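Asks: This is a predicted model, with the sequence first.
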Amino acid sequence: MGAADVVPGVSGGTIALITGIYQELIESIQSIDHNAVKTLFKKGPLAAWNQINGSFLLSVLTGIAISVLSLVKLIHFFLENYPVLIWAFFFGLILASAFVVGKQVKLWSTGPIVSIIIGAGIALWISLSTPAETPNDLWFIFLSGSIAICAMILPGISGSFILLLLRKYEYITGAIGELDFKVILTFGAGAILGLTAFSHFLGWLFKKFHDITIAVLTGFMIGSLNVVWPWKEVVETRVNSAGDIVPLLYESVFPNNFSGNANLFAACSLATIGIIFIVLLERFGNKELKQS
């Protein structure tokens, strides 16, 4: 799940579903409530720990943390040195994921069709209206963590995808790679609050309005493709507090040289690899679900 959530387009929730721990994960998160606090004071820490399935949650969170710390430096290196190639790979992942997630809609009636259009429109509006650089203030890092973590418990959308929309993916992965504990702890505090506050609502939404929820998620992923389009030109800049010129607004463009461009071929190849990876992941998931 940690590896999946580091990469935009692959959902940690999808991995949980494939490996058969999704239901237990949702129930364990939802058990962290006022009843658990009452148990803590009445029966002691051990009883409360067992009530929230603490050993299971600790195992999952430890695995996620180890995976994130192991991969984030590698991904950040590629973002700094080979941006077109890594964004092309992400583009393929999200494109295929949108198709795979959309297949989970059981009945494409008016509701889901309208929902996918609304989801795509919102994501596209966010991607076009959000500046290339959002605030690095701690309040925004906290907010980013609280929003992004919600994606972990919904199959089909990843926390990294949310960070892309918020323009905080590179900043957060860089902070983790450099062990910037101020940023990490702030982001983590927001994640804990978001997970405990929204797990009940998201679980209820997924159960009661399955098709509409899936359709919105699918639309969100389609609309976000503009964010991860590999080829962009800077159309507006600003000077930050350090006196450096930084991009403020990008415009998606087509690559100039379609023939004899090794970089273009490599980018298309990586996008294809991303698509194949998601297809294989779906087939593996379907096989596991049939066997269970």
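Replies: Looks like it arrived, so ask away. Numbering: from 1, shown residues only.

Asks: Strands along the stretch 101-250 of the chain, start to end?
Replies: Taking DSSP state E, counting those that start in this stretch, the strands of the stretch 101-250 of the chain run over residues 232-239, 245-252.

Asks: In terms of mean pLDDT, which of these ranks lowest?
Replies: Lowest mean pLDDT within the strands of the stretch 101-250 of the chain: strand 245-252, a mean of 65.

Asks: what about stretch 271-291, average pLDDT?
Replies: 76.

Asks: can you start the count at 371 instead of 1 from here on
Replies: Done: numbering now begins at 371, and the last item shifts to stretch 641-661.

Asks: ok, so what distance separates residue 515 from residue 542?
Replies: 8 Å (C-beta to C-beta, to the nearest Å). The way it works is simple: take the backbone N, C-alpha and C, and place the C-beta from them, glycine included.

Asks: Tell me which of those two has more neighbours.
Replies: Legend: neighbour count by other C-beta atoms under 10 Å for residue 515 and residue 542, higher for residue 515 (27 against 23).

Asks: Next secondary structure element downstream of the lowest-mean-pLDDT helix or strand in the chain?
Replies: When the helices and strands of the chain are scored by mean pLDDT, DSSP states H and E, strand 615-622 comes last with a mean of 65. From strand 615-622 onward toward the C-terminus, using DSSP states H and E, the following helix or strand is helix 632-661.

Asks: tell me how far that next one is from the chain's mean position?
Replies: 17 Å (C-alpha atoms, centre = their mean, to the nearest Å).

Asks: Give me the distance between the nearest residue to residue 482 once chain neighbours are set aside and residue 653.
Replies: Nearest residue to residue 482, sequence neighbours excluded (C-beta to C-beta, 6 or more residues apart in numbering): residue 585, at 3.7 Å. To residue 653, residue 585 is 23 Å away according to C-beta to C-beta.

Asks: cool, and residue 397?
Replies: In terms of C-beta to C-beta, residue 397 sits 27 Å off from residue 653.

Asks: More neighbours: which of these two?
Replies: Applying other C-beta under 10 Å to residue 397 and residue 653 shows that residue 397 carries more neighbours, namely 14 against 10.

Asks: So what touches the helix or strand where the more buried one lies?
Replies: Take DSSP H and E as the rule and residue 397 turns out to sit in helix 392-400. With C-beta atoms under 8 Å, 6 or more residues apart in numbering as the contact definition, helix 392-400 has outside contacts at 383, 386, 422-423, 426-427, 430, 523, 525, 565-566, 569-570, 573.

Asks: buried residues in that helix?
Replies: 392, 395-396, 398-400 (16 or more other C-beta atoms under 10 Å).

Asks: Return the closest of those with respect to residue 538.
Replies: residue 399 (23.3 Å; C-beta to C-beta).

Asks: Can you read off the pLDDT for the closest one?
Replies: 84.

Asks: which residues do residue 515 and residue 542 both contact?
Replies: In contact with both residue 515 and residue 542: residue 557, using C-beta under 8 Å, 6+ apart.

Asks: residues making contact with stretch 417-433?
Replies: Under C-beta under 8 Å, 6+ apart, the answer for stretch 417-433 is 371-372, 391, 394-395, 397-399, 401-402, 405-407, 409-410.
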